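Chemist: With the sequence up front, the predicted model follows.
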Amino acid sequence: MAEPQNDPKIIGEANLNQPPFYRRIYAIVHDIPKGRVSTYGAVALAAGKRGGARAVGNAMNRNQDTACVPCHRVVKSDGNVGGYYSGTAEKIKRLNDEGLKIKKNGQITDFDSVLFTDFNVISEREISDL
DNA sequence: TGTGTGACAAAGC
DNA sequence: AGCTTTGCCACAC
């Protein structure tokens, strides 16, 4: 029984070669429900890294399996959809398909009510140090 | 080895 | 509202 961050069923087989921190991030993002979104910062925190939002964005950019890791559900903390490897338009389209509505300025409608941060995942003890 | 860059964020002004 | 600085991880020069 593999750990979540090492389980190809969770993070995708193509992502097994990725760095440990990235794999942990993928396992977390995997748990974001359809029709909901989370933020780069929240995922970083769930991974035990406050301020690691940038690293999370980098990990999303290199995601090799969008089926296992729904990276389009990770957005900016201000409610803007943020970037996407194949373009923001594609990201918006995917979110629309899950029932979310995006305003013209890129803001997610009812951002607060679709925001998901309730990760049961872990963290190392660094989190107790904040 | 050092520096810069990137799908970000929070704090300071 | 906008800009700057600092923090984070990994990688390309």
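Modeler: Right, received. Where do you want to start? Residues are numbered from 1 along each chain as shown, chains lettered A, B, ... in the order given.
Chemist: my guess is A:T66 contacts A:Y84, does it?
Modeler: No. Using Cβ atoms under 8 Å, A:T66 is not in contact with A:Y84; the gap is 10.0 Å. C-beta here means a position set from N, CA and C on the backbone, and glycine is covered the same way.
Chemist: Quick check: neighbours shared by these two?
Modeler: A:H72 (Cβ atoms under 8 Å, 6 or more residues apart in numbering).
Chemist: For chain A, just list every one of the strands.
Modeler: Assigned by DSSP state E, the strands in chain A fall at A:38-39, A:74-75.
Chemist: So the last one, near DNA strand C or not?
Modeler: No. No part of strand A:74-75 sits near DNA strand C under the criterion Cβ under 7 Å from any atom of the strand; the closest distance found is 14.3 Å.
Chemist: thinking again about what came up before, A:K91 is nearest to which of the strands of chain A?
Modeler: With distances scored as Cβ to Cβ, the stretch of the strands of chain A nearest to A:K91 is strand A:74-75 (8.4 Å).
Chemist: Paired strands for the closest one, with orientation please.
Modeler: Strand pairing for strand A:74-75, using DSSP bridges, gives strand A:38-39 (parallel).
Chemist: What is the burial count for A:A44?
Modeler: 22 (other Cβ atoms under 10 Å).
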